[in-house]
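[1] for reference, the sequence and a predicted model appear below.
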Amino acid sequence: MNDKSHTLEQEVSSMITFDNVTKVYPDQTVAIENISFEVERGTTTVFVGPSGCGKTTTMTIVNRLEEPTEGTVYYDGSDIQELDKVELRRDIGYVIQEIGLFDHMTVGENIATVPELKGWKQERIDDRIDELLALMDLPPEAYRDQYPTALSGGQQQRVGVARALAADPDVILMDEPFGALDPITRSELQDEFLEIQDRIDTTILFVTHDINEALKMGDKIAIFDVGELVQYGTPQEILANPANEFVEEFIGSDRTLKELQITHVKEIMQPAGVEHETHAAAVDGGDKVSEVTTASDVHVSPTDGADIALSRMIETDTEALQVIDDGDVVGKVTEQDIRSYRTATEEGM
């Protein structure tokens, strides 16, 4: 295959490709060695592993904050070494744990940084600021002219994400973006970001040391151990078939619970208005799903995890829960649905 055809194939199949990439520092420390994998467009790939394993180095090679010693990284089909470094960085959003907002600039001015560098007209910049603040659940009229020091940590991180999205990048790099937040705020921001992800067509590389965050946030997960890419796959693939003992230990012993956490109710529920013979007598006497009621009116949403559904069934001593989305009953989920889905998943692996 010639260089041109190889480039075209990369452009079609992936947004980012690592081809036998190695990074060795001047003191001969090997950060990563012979790393190869592809990142599909519009997906989130999470790099996870212990401290010093090479995950952040791998990510920052993409925007050339680090340069590979050997191998090639393709960005949208092009060798990154052939791209202008400054323009490349302006085209890639970047979110870090420390957030890095400019305290002397307003929220709006922070978000406008890259669009201004790219020469956008002011009217377009102003519209983009308002659009992103609304997307981040920060009403523009209340937050546009605030300074970062007046915001909570969670609000500052939302602004950091908005700034990364400001110039509508094809790729966003996120380095431990929620790591400094308290557990409740962190979980809320994870949920909000997953909702935002559904509305944007952006390829995301996300670094974390937390396997639970990786399983929750990633379409694909790259598990690193001391410069080596140990396993690359979907959360389901990794949980079902850990590559080795290191991956098993890193995942932990509660693999079944983790599987339930990453399985959304919408993947296993029975849609409203559909007759279901299986378990019908035990659950609702064969009624349509839309007619199902539960003793305590406890319900779940389509985006809740199967673990949440199972927990609520146990708490309320019921075998079925309504699935409600925006006030409408869209289906039901039963304990047997959860069991059947797990069995089918395991058999399919």
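    On my side now, so go ahead.
[2] just confirm Gln146 is within a helix.
    No: applying DSSP: H, G, I helix; E, B strand; the rest coil, one finds Gln146 to be coil, outside a helix.
[3] can you count the residues close to the residue nearest to it when sequence neighbours are not counted?
    With CB to CB, 6 or more residues apart in numbering as the criterion, Gln146 has its nearest non-adjacent residue at 5.2 Å, and that residue is Val107. All C-beta spots, glycine's among them, are computed from the backbone N, C-alpha and C. Other residues lying near Val107 total 27 when counted by other CB atoms under 10 Å.
[4] counting neighbours, what do you get for Asp84?
    Neighbours around Asp84, by other CB under 10 Å: 10.
[5] ok, Gln261 next?
    18.
[6] tell me where the stretch 201-349 of the chain has helices.
    In the stretch 201-349 of the chain, the helices defined using DSSP state H, counting those that start in this stretch lie at 211-217, 235-240, 245-251, 255-262, 265-268, 280-283, 306-316, 335-348.
[7] and those, which one is worst for confidence?
    Mean pLDDT is lowest for helix 280-283 among the helices of the stretch 201-349 of the chain, at a mean of 37.
[8] if I look at Gln197, how far off is Phe37?
    20 Å (CB to CB, to the nearest Å).
[9] could you do Asp219 as well?
    From Asp219 across to Phe37, the span is 13 Å (CB to CB).
[10] got it, and Lys23?
    Distance from Lys23 to Phe37, by CB to CB: 15 Å.
[11] of the two, which one has the most company?
    Each of Lys23 and Phe37 has its neighbours counted (other CB under 10 Å); Lys23 has more, 22 against 17.
[12] which positions in the strand or helix carrying the more buried one come out as buried?
    Assessed by DSSP states H and E, Lys23 sits inside strand 16-24. Burial within strand 16-24, assessed by neighbour count using 16 or more other CB atoms under 10 Å, is assigned to Ile16, Thr17, Phe18, Asp19, Val21, Lys23.
[13] where do the domain boundaries of the protein fall?
    Split into domains by automatic domain parsing, the chain comes to 3-254, 265-348.
[14] ramachandran angles for Arg41?
    Main-chain torsions, Arg41, degrees, to the nearest 10: phi -60, psi 140.
[15] tell me who's in contact with it.
    By CB atoms under 8 Å, 6 or more residues apart in numbering, the contact list for Arg41 reads Ser14, Met15, Asp201, Thr203.
[16] the last one contacts Leu173, correct?
    Read it as Thr203. No: using CB atoms under 8 Å, Thr203 makes no contact with Leu173, being 9.9 Å away.
[17] and the residue nearest to Gln146, how far from Gly153?
    Remark: distance between Val107 and Gly153 (CB to CB) = 14 Å.
[18] picking up where we left off before, least reliable of the domains of the chain by average pLDDT, please.
    domain 265-348 (a mean of 75).
[19] what's in contact with the host helix or strand of Asp130?
    Assigned by DSSP H and E, Asp130 belongs to helix 122-135. Residues external to helix 122-135 that are found in contact with it (CB under 8 Å, 6+ apart): 107-108, 111-112, 115-116, 120, 139-140, 143-144, 162, 165-166, 168, 196, 199.
[20] please apply the same query to stretch 149-162.
    Outside stretch 149-162, the residues within contact range by CB under 8 Å, 6+ apart are 95-96, 99-101, 103, 107, 110-111, 132-133, 135-138, 143, 148, 177-178, 180-182, 185, 188-189, 192-193, 196.
[21] list the buried residues for it?
    Neighbour-count burial for stretch 149-162, counted by 16+ other CB under 10 Å, picks out Leu151, Gly154, Gln155, Gln156, Gln157, Arg158, Val159, Gly160, Val161, Ala162.
[22] the fifth one and Thr185, how far apart?
    This points to Gln157. On the measure of CB to CB, Gln157 and Thr185 end up 8 Å apart.
[23] quick check: neighbours shared by the two?
    Phe178.
[24] okay, the contacts of Arg41 in CSV with neighbour count and distance to Gln231 next?
    Below are the contacts of Arg41 laid out as CSV (neighbours: other CB atoms under 10 Å; distance: CB to CB, whole Å):
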residue, neighbour count, distance to Gln231
Ser14, 20, 18
Met15, 24, 21
Asp201, 9, 27
Thr203, 23, 20
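[25] closest to Glu259 out of these?
    The closest of the contacts of Arg41 to Glu259 turns out to be Thr203 (CB to CB; 25.9 Å).
[26] show me where this protein has strands.
    16-24, 30-39, 44-48, 70-75, 78-79, 92-96, 171-175, 203-208, 220-225, 228-233, 270-271, 299-300, 320-325, 328-334 (DSSP state E).
[27] before we move on, back to that, roughly how far is the helix holding Asp130 from the heart of the chain?
    Using CA atoms, centre = their mean, to the nearest Å, the mean C-alpha position of helix 122-135 is found 23 Å from that of the whole chain.
[28] output that helix as PDB - backbone C-alpha positions only.
    Extracted C-alpha coordinates of helix 122-135, given in PDB (Å, rounded to 0.1, in the frame of the first residue of the first chain):
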ATOM      1  CA  GLN A 122     -17.100  39.300  17.300                       C
ATOM      2  CA  GLU A 123     -20.800  38.500  16.600                       C
ATOM      3  CA  ARG A 124     -19.900  34.900  15.900                       C
ATOM      4  CA  ILE A 125     -17.800  34.700  19.100                       C
ATOM      5  CA  ASP A 126     -20.600  36.200  21.200                       C
ATOM      6  CA  ASP A 127     -23.100  33.700  19.900                       C
ATOM      7  CA  ARG A 128     -20.800  30.900  20.500                       C
ATOM      8  CA  ILE A 129     -20.200  32.000  24.100                       C
ATOM      9  CA  ASP A 130     -23.900  32.100  24.800                       C
ATOM     10  CA  GLU A 131     -24.500  28.800  23.100                       C
ATOM     11  CA  LEU A 132     -21.800  27.000  25.100                       C
ATOM     12  CA  LEU A 133     -22.800  28.500  28.500                       C
ATOM     13  CA  ALA A 134     -26.300  27.400  27.900                       C
ATOM     14  CA  LEU A 135     -25.000  23.900  27.000                       C
END
